[in-house]
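Chemist: next come a sequence and a model predicted from it.
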Amino acid sequence: MPSEELIAEHVLEFPGGYTRTTGPVIGRFLTELRDGRIVGVRTAGGRTLVPPLEYDPDTGEAVTGEFTEVGPAGTVEGWAWVSEPRAGHPLERPFAWALIRLDGADTALVHAVDAGDVRAMRPGLRVRPRWRTGRTGHITDIESFVPEVTRIVSPVRTEYRVRPGKSLARFLEGIERGIFLGCRCGSCGKVYVPYRLSCPECGVAITEETELPDTGTITTFAINNLPDPRAPEVPFVSAYILLDGADIPMIALVGDVPAHEVRQGMRVRAVWVPEEERTASMSNIRWFAPTGEPDVEL
Ligand SMILES: [Zn+2]
């Protein structure tokens, strides 16, 4: 199963979905959860985003503000099996983190599936929420999803959005302090940033935390011609940046340079927002800007 894809997607989803105060869109979603309903928000293009976002990820436009109830049942599109749950996980027994597309939604949300056994998991598995008693308006108001008794095979899609787990929360704590927190695998020695709890190469748990500098090298990049609320102008550049000392690149915006001058091997440094404006969010980094050092051979 595409558990590696699931993990890799962490780096593709930036500000919108992390720890923050709830705006009207997320606030509505959480309020409805408290009342035992799951709602999505409609985009101008007619898609229903669940969980709701303030901006259409396809166009960058604000969403319509029209909410619609979805589910509560849905279809599993992908999953990663957790054989040894950790403190803070929703269940104390083995379970799956799954991408679940609720009926009526056009996007999938990530939640736990209490399937009992990994062999019960498959694409197209029909699940429905098991609600917690005493709901508070939090995503954990759904304790987990559980399989339905019937089997219906549904088409599989690969578009999804991942909410931050414990390791990403730890990474964002570092970002709030203006540091990149990575970690080193004790088995293969690879350094990962953002910080993560296990090594995707070896599968072992990672315990060694390491701080990385805020300088790095652009490995690949894309010039974007669609507006994005985070970007300073159009066209703008998003790039994979290999921080000095890291073994895998992270994705970020590039600024303070015309898009057509950005190149592979360019040396860059993070541009941070002023300390007093920082929160536990990737928006602390405006973008990466060229340092002026000579390019690096990749
Ligand atoms: Zn490793």
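Modeler: Looks like it arrived, so ask away.
Chemist: what element comes up after the lowest-mean-pLDDT helix or strand in the chain heading to the C-terminus?
Modeler: The helix or strand of the chain with the poorest confidence is helix 3-8; it has a mean of 48 (mean pLDDT, DSSP states H and E). Toward the C-terminal end, the helix or strand that comes next after helix 3-8 (DSSP states H and E) is helix 24-34.
Chemist: that next one: which residues count as buried?
Modeler: Buried residues in helix 24-34, defined by neighbour count with 16 or more other CB atoms under 10 Å: 25, 26, 28, 29, 30, 32, 33. The way it works is simple: take the backbone N, C-alpha and C, and place the C-beta from them, glycine included.
Chemist: just those residues now: which is nearest the ion?
Modeler: Nearest to the ion, judged by CB to the ion, of the buried residues of helix 24-34 is residue 26 at 35.2 Å.
Chemist: distance-wise, check that closest one relative to residue 241.
Modeler: 28 Å (CB to CB, to the nearest Å).
Chemist: now residue 37
Modeler: Taken as CB to CB, the span from residue 37 to residue 241 is 41 Å.
Chemist: which one's more surrounded, those two?
Modeler: Under the neighbour definition other CB atoms under 10 Å, residue 37 and residue 241 were set side by side, and residue 241 has more, 25 against 14.
Chemist: spit out the contact partners of that one.
Modeler: 216, 217, 218, 219, 249, 250, 251, 252, 268, 288 (CB atoms under 8 Å, 6 or more residues apart in numbering).
Chemist: also residue 276?
Modeler: By CB under 8 Å, 6+ apart, no residues touch residue 276.
Chemist: can I assume it sits in a helix?
Modeler: Yes: secondary structure of residue 276 (DSSP: H, G, I helix; E, B strand; the rest coil): part of a helix.
Chemist: need the pLDDT of it.
Modeler: With respect to pLDDT, residue 276 has a value of 90.
Chemist: repeat for residue 290
Modeler: Per the predicted model, pLDDT is 97 at residue 290.
Chemist: residue 129 too?
Modeler: Reading off the model, residue 129 has pLDDT 91.
Chemist: against which helices or strands is the one helix or strand it maps to packed?
Modeler: Using DSSP H and E, residue 129 sits within strand 126-131. Where contact means 3 or more CB pairs under 8 Å, 6 or more residues apart in numbering; DSSP states H and E, strand 126-131 is packed against strand 74-82, strand 142-147.
Chemist: the longest one: how far from the chain's middle?
Modeler: With CA atoms, centre = their mean, to the nearest Å as the basis, the distance from the averaged C-alpha position of strand 74-82 to the chain average is 15 Å.
Chemist: past that strand, which element shows up next along the chain?
Modeler: strand 95-102.
Chemist: pull up the pairing partners for that next one, direction included.
Modeler: When pairing is defined by DSSP bridges, strand 95-102 lines up against strand 74-82 (antiparallel), strand 109-113 (antiparallel).
Chemist: to residue 264, which of those lies closest?
Modeler: strand 74-82 (31.1 Å; CB to CB).
Chemist: so for that closest one, what's the average pLDDT?
Modeler: On average, strand 74-82 scores 89.
Chemist: just the CA atoms of that strand, as PDB, please.
Modeler: Only the C-alpha atoms of strand 74-82 are listed here, as PDB (Å, rounded to 0.1, in the frame of the first residue of the first chain):
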ATOM      1  CA  GLY A  74     -17.000   7.200   3.400                       C
ATOM      2  CA  THR A  75     -14.500   5.200   1.400                       C
ATOM      3  CA  VAL A  76     -10.900   4.400   2.300                       C
ATOM      4  CA  GLU A  77      -8.500   5.500  -0.400                       C
ATOM      5  CA  GLY A  78      -5.200   4.700   1.200                       C
ATOM      6  CA  TRP A  79      -3.700   4.000   4.600                       C
ATOM      7  CA  ALA A  80      -0.700   3.400   6.700                       C
ATOM      8  CA  TRP A  81      -0.900   0.700   9.300                       C
ATOM      9  CA  VAL A  82       0.200   1.600  12.900                       C
END
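Chemist: what's the angle between that strand and strand 126-131?
Modeler: Between strand 74-82 and strand 126-131, the angle comes out at 80 degrees (axes from the mean of the first three to the mean of the last three CA atoms, to 10 degrees).
Chemist: so which bits of strand 74-82 are buried?
Modeler: For strand 74-82, burial by neighbour count (16+ other CB under 10 Å) applies to 74, 75, 76, 77, 78, 79, 80, 81, 82.
Chemist: surely the second one meets residue 124?
Modeler: Yes: taking contacts as CB atoms under 8 Å, residue 75 lies within contact range of residue 124: 6.0 Å.
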